[in-house]
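Q: Show me how the following folds:
(chains A and B)
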Protein chains: 2
Amino acid sequence: MTRTRRAGRRLGSTRDGLPDWLRAQAQWAPGRTALVAGSRRYTFEELDRRARLAARQLASLGLGAGARAAVVMRRGAGFVTAVHALTRIGAIAIPLNLRLASEELAWQLADARPDVVLSDATTAAVAAAAARGFPGLPHAIADEAAGHGGFETGGMFAGLLEAEVALRDRIDLARVQGTIYTSATSGRPKGVLLTYGNHWWSAIGSALRLGLRPDDRWLAPLPLWHVGGLAIIWRSVIYGIPLIVHDAFDPAAANHEIDTGEVTVVSVVSTMLNRMLADRGGRPFPRSLRCVLLGGGPILPALLDTCARLGVPVAPTYGLTETASQVATLAPGDRARRPGAAGQALLHTTVRIDGGGRPADPGTIGEILVAGPTVMRGYAGRSEATAQALRGGWLHTGDVGYLDDEGCLYVVDRRDDMIITGGENVYPAEVEAVLCEHPAVADAGVVAVPDPHWGQAVAAVLVPRAHTPPTVEEIRVFCEGRLARYKLPRHVWFTDALPRSGGGKLLRRSIREWVAGRASAPPAGAASAAAGAHETSANRVSAG
Amino acid sequence: MTRTRRAGRRLGSTRDGLPDWLRAQAQWAPGRTALVAGSRRYTFEELDRRARLAARQLASLGLGAGARAAVVMRRGAGFVTAVHALTRIGAIAIPLNLRLASEELAWQLADARPDVVLSDATTAAVAAAAARGFPGLPHAIADEAAGHGGFETGGMFAGLLEAEVALRDRIDLARVQGTIYTSATSGRPKGVLLTYGNHWWSAIGSALRLGLRPDDRWLAPLPLWHVGGLAIIWRSVIYGIPLIVHDAFDPAAANHEIDTGEVTVVSVVSTMLNRMLADRGGRPFPRSLRCVLLGGGPILPALLDTCARLGVPVAPTYGLTETASQVATLAPGDRARRPGAAGQALLHTTVRIDGGGRPADPGTIGEILVAGPTVMRGYAGRSEATAQALRGGWLHTGDVGYLDDEGCLYVVDRRDDMIITGGENVYPAEVEAVLCEHPAVADAGVVAVPDPHWGQAVAAVLVPRAHTPPTVEEIRVFCEGRLARYKLPRHVWFTDALPRSGGGKLLRRSIREWVAGRASAPPAGAASAAAGAHETSANRVSAG
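A: All right, here's what the predicted structure looks like:
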C-alpha cells in the first residue's frame, strides 16, 4: 500500500515537472502570435524553433544545467528568445538593467559570476565594457541583422555552432529560473532567486484576479529585465497569448499600439500612464483595452481621478521582485479605488501586517509581510540577508501598510528609505556610497522628494569636507559614470551635519522632513532641476 | 546557507497550504453570488458562514481530520455546503450517486466505511435504508425546511450542537478531498481518491484552456456526485464565480436558465445537449453563453453538425474521474471539430498513446496514458488496482485513441467494455454479475448498442439454464432492485453459449459484433425498448 500510495502521490503532483510551456503552445497553436517586437511578429512555432536553436548554440559553449547567463540585451525578440533558450538547457537567466552605468554593470557581473554574457548588436559594446574585468568570460552576441530581430537562417548567436544535445522539454517548478537584481535597503543591489514555480503561481494568481481571454494581447512597455516585464514573458507562454514589447517606452507608440493593435492588457507604472494620458489629450482608450495594470510604486490621487473620469480600466497592484511581481491587485471591476488601495492578496498569497510578532488588527499600520508560492527562494549568495528577509516563514517586505476589514491592502509607504522614480527603485544607501567617494564630501544623506512627473525624485543632502563645498555640477559629473541616470540626485542641498541615531544610523525620516520644508519652497534654480541638481544655502538638519 | 535555502524553498512552495478558497472569496467579495440553487441565491459570505456552522456541527460528532463522510444528498445548497464544511474539519467527502439502487448504495457504504452519513430531507429515507446494515453509524440530516435550501437560523443539521473547535482556514493540496466512486472494468465500483491539488490543477488547467471572465456563471445540470459536477464546486470558489445547480436535469429549465440567467458556461453530456437542442427547436443560444463543455462520452457526428449549424460554442472534452475531470479539451475557438477530437491535453497534463512501452507515433491507435498533477492518488483501499492503474508513472485509462501531428487527442473507444448511456458509465461486469444471480441464467454477456437518444444503451445476451428461458419481463423485475435504472438492460437476447477465450475470458468484442447485426434489424418489440427490454430468437454467438 505504502509503495503504491507513494507512486500515486508522485504522479498526481508536479514533482516530475510540467510540460515546457512554450513548447506546448507551439505544438497546439503553432500559427498563433507569440511575440510582436518592432515590426516583426513571431508565432509560437517560430519562437519555439528559435529558442531551440539558441539553446543548442549555448550548449556548444559547454553551458548546461545550473549555468548562469548574464543577459545584457535590449528589449526585443533576442531577449525573449534567450530567456526561453536558457530554460531548455536548464541554465539560469540573469537579466541586467541596461540603464545601469558601466561600473554598476561590472559590479553586478562580479556579484553574479556568470558563465557567459549574452548581448545583441546594440548592447555588445556595453556588455564588453562591463565584462572587461573578467578575462575569459565567453560573450555571445545575438545577430539581429537589419533590425528585424532576425536570425532567420542559422542560429541566433553569430559564429556559434549547434551542439547535438537533448534539450529539456519539461519545467521543474522547484528550479531557479532567474536572478533579478533589485535595489537593496543597504549597500549594493541583491540578486533575487526566482523559481519557475514563483513565475507560474504569479501568472495563475494574476489570471484568477484579472481574468483571462483567448484573445488577450499583453503590451509590455516596461523593461523586460525588471520583474514586471519578465513576468509577462512567462504569462505569454502560460496563457498562450501574444506579448508585445517596445524597445523603449514612448507614450505615443504605446497609445498607437493600444489604438490599433487590439491590446487588451498593458502593464505600466504611474509615470508612463501619466505620459500616455497626456499624449492622448483626453481621448479615451478603446474598449478593447480591458486592463491597465498599474504598479511600480505609489499612485497619486490625481492619476486615479483622471482614470475614473476617462473610464480607464485601471488595476492598481502592489508587487515586489521578491514575489515574482503581484502580491495584491485591485481588478478594474473592484471597489476601493482610493490612493494606496492595492486590492486583496492574490488567491494563493497571504498578506499579514506585522503587529509585533502577530497579525495587526484591521486598520493598524505595520510592516507588510507576505507568504505563498510566489515568494522568492532567497537572495543569491547572501544567506544572512535571505534568513533576515524570510525569517519566521514570512517575507519581510520593509514596506508599510494596513489591511481594511475586507482584506484590502493599503500601502502607506514603500520600504522606509526606497525612492521610486519613474517606476525605477533607487535605494539611498547606494547613492550615498557613491557621493561619499567624492573627495570633498564628508557625509551624504539621500531621500525622496515628490515630483509631479516622476512620482518621486532623488534628493541629496551633503556635508562638505572643507568650508568650500563642491559645486552641484561637480557632484553631477562625478556621479554620472558611477550611477544609472535615474539614480542621479536631481536636488542637492548642503548642511553642516546629518542627523544620526545614537548607534550612528542615518535618520532619513528626519532628513525627509527637513528636505520637505526646503522642497516646498523651491530655491533659485529649481526650474532647472530636471537638468541635474540645484542647491540651497547650508543648514543644519535637525534630528527632531 | 543550507538552512536558509530550505526556508526559502518552503516559503515559496505550497507545502504550508493555500488560503481556503471559499473563505478568501467570502472575505474579498462577500456580496458576490456564490451559488444559485432553485429559487435561492447564496453569496460567498452566506455560503462561507453556512460551511463554518455545518463544520462545527459535524465536529460535535467527533469528526475531524481524516474522518470519512458519505454524502447522500440531492444536488443543492446542502450538498455544496457539506462539501465545504468537510474541508474545514479536514474530513473526506464521499458523495454517493442517488440514482444507485439501495443494494448498490449499501455496498458502497460497506466499501467506504464512513464515519458518518449526511443526507437531507429528501434523501434521508434512502440514506437510512442503505445504512441499515451499519448499526451505530451516525446519520446527520440537513434541515432544508420549506424547500428553501434554508437552515437560516441555527445550524445546517437538525439537532446537532456546534462544537467549539478551530476550523481549518488553509487547504493543503496534498490532502485527499474526496472519494468518488467510479464504475470498474471488472466487478464492483472503485473509490477514486482525489486530492485538493487534483481539483486545483484541474480548475487551473480548465481556465487556461477555456479562459476565465469575472462575469462567468457556470451552470451544472450534471449530478454533483460525479466528478464533472464536483469539479464545478471547486471552480466556483477558485475562480470566484457563481455555480448554478439544478436538482435534476430538465432541458427546458436548463434552457430557461441560459436564456435569462446570464449563464456563460454550462457542463453537459451529449444526451443533455441533444435534449436541450430539441427543446429549443432551432432557437440559438444567447451570445452570453460562451462555452458548452461537452463531456461524458462519445459525441455523435450529428450532434457536432447541429452545433456547427446553430453556432453552439461547444467545447468537447475527454475526462475521467481518475483525473479530476478534464484531460483534454477543445476550446470553442479551436480547430479540429471532428468526431472523437478532444483537443490538446490541458497545459500541465501529458497524454501519451501506449505504443508497447514507448510513445506511439502520431496517428497510431493505442491505450491512452495520462500523467500530471490532476492524476488521482489511487483507489481507496485497493493497492493492487492502484499499482496496476498507475504503473510506470502513467495512469492507464483503458481508453483507446490516438494523437495527431499537432497533439490533438482523438478518442476512438472508451475502455474496451464500458458503456456510456446518458453520460453515466456502466461496466458490463457489474450487470453481468447481477444477471447471473438469476436462477434461470447460466451465463450473461453485456455490451453497448448505439442508441439515438442515450448515445449507447445496455444490451444483454443471456444463456438460459433450462430449455425454457426466463421472460424479458422476469429479468427486468429481477434487476430493478439490484441495479440503478440506467444500468438496466434495454435489449435482451438469448443464445446457447457465449464466446470465451481459451482462458475463459468473455470475448465482448465478438458479442458486440453479433449484437450489432441483430440491433441493426430490430426485432419485434424494439419499439418498446425504452420501456425495458425486448428479445430475439436464440442464436449462438460465434467467436469469430
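
Q: Please enumerate the strands of the stretch 201-350 of chain A.
A: Assigned by DSSP state E, counting those that start in this stretch, the stretch 201-350 of chain A shows strands spanning A:218-220, A:243-245, A:265-269, A:291-295, A:314-320, A:325-329, A:341-345, A:350-353.

Q: Name every strand pairing with the longest one and say which way it goes.
A: Pointing back at strand A:314-320 there. Using DSSP bridges, the strands paired with strand A:314-320 are strand A:291-295 (parallel), strand A:325-329 (antiparallel).

Q: a markdown table for those, including mean pLDDT, mean neighbour count and distance to residue A:42?
A: (Glycine included, C-beta is placed from N, CA and C.) Converted to a markdown table, the strands paired with strand A:314-320 look like this (pLDDT from 0 to 100; neighbours: other C-beta atoms under 10 Å in any protein chain shown; distance: least, C-beta to C-beta, whole Å):
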| stretch | mean pLDDT | mean neighbour count | distance to residue A:42 |
| --- | --- | --- | --- |
| strand A:291-295 | 96 | 25 | 23 |
| strand A:325-329 | 97 | 29 | 23 |
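
Q: and these as a markdown table, adding distance to residue B:20?
A: Converted to a markdown table, the strands paired with strand A:314-320 look like this (distance: least, C-beta to C-beta, whole Å):
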| stretch | distance to residue B:20 |
| --- | --- |
| strand A:291-295 | 27 |
| strand A:325-329 | 18 |
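
Q: Would you mind finding the most buried of the strands of the stretch 201-350 of chain A?
A: strand A:325-329 (a mean of 29; mean count of other C-beta atoms under 10 Å in any protein chain shown).

Q: quick check: angle from that strand to strand A:341-345?
A: Going by axes from the mean of the first three to the mean of the last three C-alpha atoms, to 10 degrees, strand A:325-329 is angled at 100 degrees with respect to strand A:341-345.

Q: List of residues touching strand A:325-329?
A: A:202, A:205-206, A:209-210, A:227-228, A:231, A:293, A:295, A:315-320, A:342-346, A:349, A:351, A:368, A:370, A:374, A:409 (C-beta atoms under 8 Å, 6 or more residues apart in numbering or on different chains).

Q: okay, the angle between it and strand A:265-269?
A: Inter-element angle recorded for strand A:325-329 and strand A:265-269: 100 degrees (by the same axes, to 10 degrees).

Q: hmm, back to that, out of the strands of the stretch 201-350 of chain A, flag the one nearest residue A:456.
A: Proximity to residue A:456 (C-beta to C-beta) singles out strand A:265-269 among the strands of the stretch 201-350 of chain A, at 11.4 Å.

Q: quick one: the closest one near chain B?
A: No: counting by C-beta under 8 Å from any C-beta of the partner chain, no contacts exist between strand A:265-269 and chain B, the nearest distance being 13.2 Å.

Q: Please enumerate residues in contact with that strand?
A: By C-beta under 8 Å, 6+ apart, strand A:265-269 touches A:210, A:216-222, A:228-229, A:232, A:254, A:258, A:276, A:289-297, A:422-423, A:455.

Q: how does it look with 7 Å?
A: Strand A:265-269 is contacted from outside by A:216, A:218-222, A:228, A:232, A:258, A:289-297, A:422-423, using C-beta atoms under 7 Å, 6 or more residues apart in numbering or on different chains.

Q: With that, I have no additional questions.
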